[in-house]
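>>> here is a sequence with its predicted model. Questions after.
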Amino acid sequence: MSDPHPLMTLQRWMQSVITNPRGISAGIDNAAARQWIDVASDDVEQVIGRSQKRTSIERLQVYGNAYFARLVECMREQFPALCETLGQELFDGFALDYLDKRPSTSYTLSRLADRFVPHLETTRPAAESAAPGWADFLIDLASFEWSVAQTFDAPGTEQSGVITPDDLAQVSPDDWPQTRLIAAPCLRLHAYRFPVNAYFSDFRAGRPLSIPPAAATWLALSRREYIVRRIPLDESEFLLLQSLLAGQSVGAAIEAAAEQSADFDAFARNLPHWFQRFAGEGFFTKLVKP
Amino acid sequence: MTTNDKRHLDRRDFNRLSAAALGGMLGGAALGCGETKTDVAASGEQPAGEDTKADWHLCRGLNECKGKGKGGDNECAGAGACATLEPHACGGKNECKGQGGCHNKVGTNECKGEGGCAIPLMEGAWDGAREKFEAHMKEEGKEVKPAPEPKA
């Protein structure tokens, strides 16, 4: 073996080698590794000695394989329903293709799948008709599961608290329509082409899974006491929340949603229940009076 | 008053809706968390946090990991750093048994002596997904159209 390389150089080289999705030999021969240690794969024993039982390449492969196996394992756990739907082997194929095209660049596993949904959207086959199809379902499901993970990791209201009856008692009925509500940092609204939330519930309950027909679905994801909450929404309720989250006053948001509602009477009937739910679920943390 | 149609709100409607919203907010705030189990209430499902089916290594999503995170608690929510996977260091140890990857057997460690064994790349994952979808549709007796050309 040649003179030992400085530890940092060896670490950079090894990282480049074992994270190359094309394999160890390709990783060694790649320019990214050779900028650190300029050795060809045929000569790698100059850097990593062989053992009694394994060649240098085989020894490095242990780490290379483990690196990808662990990342794929993480992705299986971040997308459990998608993995169940596709089957593990097929899911692994998607995950490895993703890791190949968009290598992990973050120090934390929580960012590993940041670009998975965009990757699926980019690589998906062409739509078969104007109506949402099976590929859209898979993308919706992946998007949903990633959003659940993001909601879990997001800043929440566990420390800051949410709007209380005392807060509301400070607002006069005259000021209420001009009042703005500040949303919890973990609250996100989602619109899907398929009922992925119900599908996910089936998955979690261990019920038989069947790809559902397309059906527009609106959902709020939030978190209370460290538990992710999945709250199905009506379309009008979704629009109302969307306006509130955009910073509109309560009155303006109600007006906008009411005017878009196809059934005003139903809207009027449901409105108090929606606001009751918003408060009960801790969707808002503060009131900003006019 | 008209029914079942879109319309522009008059002052009376607006005041009525505004008051109803405030009343709803007051009611919800008084009830607080735990009284409106809308996460699962619609289907009568068990609350998400009480589900014990999954046993994820990573403390993500729906609280399955309560008590399983580093330190044995669930304080990792919101911190984005609660992996409980064992740090992987195979050299001279045995923790990596079963964690290697060989051909199409990611997670197995059967590659010893085979050489050139790597995590397999799969270029045709979407093709495989379509095949699975077609098989699923066939099981349900539904017709599947021919696959379109891939997106350019």
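Thanks, I have it. Keep in mind that what you see is a predicted model, and the values were worked out from it rather than measured.

>>> so where is chain A shaky, pLDDT-wise?
Counting by pLDDT under 70, chain A shows low-confidence ranges at A:1-3.

>>> please apply the same query to chain B.
For chain B, the ranges with pLDDT under 70 are B:1-7, B:32-123, B:143-152.

>>> for A:P103, the count of nearby residues, please.
Applying other C-beta atoms under 10 Å in any protein chain shown, we find 11 other residues in the vicinity of A:P103. In this view, the C-beta of every residue, glycine as well, is placed from N, C-alpha and C.

>>> same question for A:D136.
As a burial measure, the neighbour count of A:D136 was computed by other C-beta under 10 Å and equals 18.

>>> in which helix or strand would I find it?
The secondary structure element spanning A:D136 is helix A:134-153 (assigned by DSSP states H and E).

>>> list the buried residues of the next helix or strand after that helix.
Downstream of helix A:134-153, the first helix or strand assigned by DSSP H and E is helix A:165-169. Of the residues in helix A:165-169, those with enough neighbours to count as buried (16 or more other C-beta atoms under 10 Å in any protein chain shown) are A:167-168.

>>> same question, stretch A:142-157
Buried residues in stretch A:142-157, counted by 16+ other C-beta under 10 Å: A:142-154, A:156-157.

>>> which of those come close to chain B?
A:145, A:148-149, A:152-154, A:156 (C-beta under 8 Å from any C-beta of the partner chain).

>>> so which of those residues comes closest to chain B?
A:D153 (4.0 Å; C-beta to the nearest C-beta).

>>> the closest one is in contact with A:T108, isn't it?
No - distance between A:D153 and A:T108: 9.4 Å, which falls outside the contact criterion (C-beta atoms under 8 Å).

>>> separation between the residue in the stretch 1-150 of chain A that chain B sits nearest to and A:V72?
Here the residue of the stretch 1-150 of chain A nearest chain B is A:G93; by C-beta to the nearest C-beta that distance is 3.0 Å. Counting by C-beta to C-beta, to the nearest Å, the gap between A:G93 and A:V72 amounts to 10 Å.

>>> now A:F275
Distance of A:F275 to A:V72, given as C-beta to C-beta: 44 Å.

>>> please apply the same query to A:Q35.
Relative to A:V72, A:Q35 is positioned 28 Å away (criterion: C-beta to C-beta).

>>> ok, those two, which is more surrounded?
The residue with more neighbours, out of A:Q35 and A:V72, is A:V72; 24 against 12, by other C-beta under 10 Å.

>>> which residue sits closest to the more buried one in space, ignoring its chain neighbours?
For A:V72, the nearest residue in space outside its immediate sequence neighbours is A:A95; the separation is 4.7 Å by C-beta to C-beta, 6 or more residues apart in numbering or on different chains.

>>> from the middle of its chain, how far away would the helix or strand containing that neighbour be?
With the criterion set as DSSP H and E, the secondary-structure element containing A:A95 is helix A:88-101. Here helix A:88-101 is found 16 Å from its chain centre; the criterion is C-alpha atoms, centre = their mean, to the nearest Å.

>>> mind naming the longest helix for the chain?
Using chain A. The longest helix of chain A (DSSP state H) is helix A:56-78.

>>> other chain: chain B
Ordering each helix of chain B by length in residues (DSSP H) puts helix B:11-31 first.

>>> now do that one: which elements does it pack against?
With contacts defined as 3 or more C-beta pairs under 8 Å, 6 or more residues apart in numbering or on different chains; DSSP states H and E, the secondary structure elements packing on helix B:11-31 are helix A:165-169, helix A:250-260, helix A:264-280.

>>> JSON lines for these, including distance to A:E128?
As requested, these are exported to JSON lines (distance: least, C-beta to C-beta, whole Å):
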{"stretch": "helix A:165-169", "distance to A:E128": "50"}
{"stretch": "helix A:250-260", "distance to A:E128": "31"}
{"stretch": "helix A:264-280", "distance to A:E128": "35"}
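
>>> out of those, nearest to chain B?
Between chain B and these, the shortest gap by C-beta to the nearest C-beta is with helix A:264-280, which sits at 2.9 Å.

>>> what angle separates the closest one from helix A:250-260?
Following axes from the mean of the first three to the mean of the last three C-alpha atoms, to 10 degrees, one obtains 140 degrees for the angle between helix A:264-280 and helix A:250-260.

>>> do helix A:264-280 and chain B come into contact?
Yes - Helix A:264-280 is in contact with chain B by C-beta under 8 Å from any C-beta, via A:264-265, A:268, A:271-280.
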